[in-house]
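*Asks:* Fold the following for me, if possible:
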Amino acid sequence: MIQNQLVYIIGFMGCGKSTAGRKLAAQLCWSFIDLDRKIEEHTGKTIPELFSRYGEDYFRITESTVLKSSGSLTKTVISTGGGAPCHDDNMDFMLRTGLTIYIKLTAGQLKSRLSESKGERPLIKGLSNDELLDFIKDKLASREMWYNRAEVFLEGFNVDINLLHSIVKSRFNL
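*Replies:* Alright, predicted model coming up:
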């Protein structure tokens, strides 16, 4: 049984988790946490620096630590990184401590969004557009088993924040 009023927004990089999370938190008058920004505050380094200096394994351990430190919060919307649900027991933790919402886009939709920001994202930096689409298809296929455990699924661009707000209010009896 969920004790805290926590909402975790999950999904592939570029799907709009942070944008939807900020808007939802504002409508609920709750706090908002972007997990990647929280990791940067915790480590004093940017996400690209963490990946290049210490590698993905170190980043994932840090990500789990920072995520789990949020478990005692309440009235908070947390936008996770795309890989967060897929590592350690993070998805179990999120399901146990809050409401999980998956923003689902197709590989083509994600490629369209990510092709503009490849340089800012360590996992896709330097990929051609064809390589980017292949990367997205492969990663999405391996991550869907985790994403599909979410309690709520929202598909497509421009998530309906009013619908999301209604879902959260109903879930937490607000």
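*Asks:* is it true that R22 touches F32?
*Replies:* Yes - R22 lies in contact with F32 (Cβ atoms under 8 Å); the separation is 5.3 Å. The C-beta positions use only the backbone N, C-alpha and C, and glycine is treated the same way.
*Asks:* The two: which is more packed in?
*Replies:* F32 (19 against 16; other Cβ atoms under 10 Å).
*Asks:* Would you mind confirming that that one is in contact with G21?
*Replies:* Yes - the pair F32 / G21 is scored as a contact, 5.7 Å apart, by Cβ under 8 Å.
*Asks:* Quickly list what's touching both of these two.
*Replies:* Common neighbours of F32 and G21 (criterion: Cβ atoms under 8 Å, 6 or more residues apart in numbering): 77-79.
*Asks:* Show me where the protein has its helices.
*Replies:* Counting by DSSP state H, the chain has helices at residues 17-28, 35-43, 47-68, 90-97, 107-114, 129-147, 161-171.
*Asks:* Pull the residues that contact the first one.
*Replies:* In other words, helix 17-28. For helix 17-28, contacts defined as Cβ under 8 Å, 6+ apart pick out 7, 9-11, 30-32, 34, 75-80, 103, 154, 159, 161-162, 164-165, 168-169, 174.
*Asks:* Many thanks, have a good one.
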